[in-house]
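Trainee: When you get a sec, could you give me coordinates for this:
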Amino acid sequence: MDWTQASIPREYPEIWFEQVLQQHVTPLITAVKPRHVPLSTGRVAVVIDIPATNGDPHQVDGRYYRRHNFNRLAMEHYEVRDMFRRSTHPDLWIKFCFDGLKQREMLRYTPSAEHHAPVGLSPIISNKSNEPALYAVALIYVDSRLTVLSDKYDRLGLTDFDGVSVTPYRLSFSPNRAMPIFKEQPTLMPALGVIVPEDMMRQDNDYTLAYEIRAPGCHRTGSTLLIVEYAKFLAIKPGPEV
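Mentor: Numbers count the residues shown, from 1 in each chain. Purely as a prediction, here's the structure:
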């Protein structure tokens, strides 16, 4: 993060910045290197590079702040609690895409087929925390009106997600089956082959696609929509996380 401040036309010693950090920031941020950039006006711009830290969030004058666009906002209690949780527990979430990381896929037909070819839907599991997830159980909920082809997941009985009938597909992660889920390495889950029945292709329908993921110290759900466009494309419309 860069911070530029116009100052009087002189350079400040590094010890001055260290003293300011010690007085106002807790816990202390180390390895901060200020750079002085002379300006055409005769003033000096100070650029401060702040390295990423892997520890707890930092307070400034006894308060926690977060960025929102170009503004600095004081954090709410639940936001601070969530940040501390991320330092000790994994924080997993799932993003959906089609093959090739696309958000829109053309539907392909053959003259003799009764429906379009299965569309490969690939969930990607990621970790927002520095704490790796050694164990996790993911449930992928697919609108029960859709046909799903997969031999990598455990198919469970019909259930309800936000008032929509869905079919759950379960996948477990453990050290003997997969690598831990690290922050630096999103994990591509097995693809699901999705087919929209022919009699529903030209109806104005949105199809629910959701997930639930559990790991020690982590429980998160999220949803999105699969949308048929002009009976030619299948698109993903991201939804909220919980």
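Trainee: quick one: contacts for the nearest residue to residue 155 once chain neighbours are set aside?
Mentor: Closest residue to residue 155 apart from its sequence neighbours, by CB to CB, 6 or more residues apart in numbering: residue 169 at 5.8 Å. Where C-beta positions appear, they are placed from N, C-alpha and C, glycine not excepted. Going by CB atoms under 8 Å, 6 or more residues apart in numbering, residue 169 touches 139-142, 148, 150, 153-156, 192.
Trainee: so which of those residues comes closest to residue 22?
Mentor: residue 139 (47.6 Å; CB to CB).
Trainee: The longest strand along the chain pairs with which strands, and in what direction?
Mentor: Counting residues, the longest strand found in the chain (DSSP state E) is strand 218-229. Here strand 218-229 is paired, per DSSP bridges, with strand 206-215 (antiparallel), strand 233-241 (antiparallel).
Trainee: What average pLDDT does it get?
Mentor: Averaged over strand 218-229, pLDDT sits at 90.
Trainee: Buried ones in it, by neighbour count?
Mentor: Neighbour counts over strand 218-229 (16 or more other CB atoms under 10 Å) mark 218, 220-226, 228 as buried.
Trainee: quick one: the helices in the chain?
Mentor: Under the criterion DSSP state H, helices of the chain are mapped to 14-24, 77-86.
Trainee: Buried residues of the first one, list them for me.
Mentor: Which is helix 14-24. By 16+ other CB under 10 Å, the buried positions in helix 14-24 come out as residue 21.
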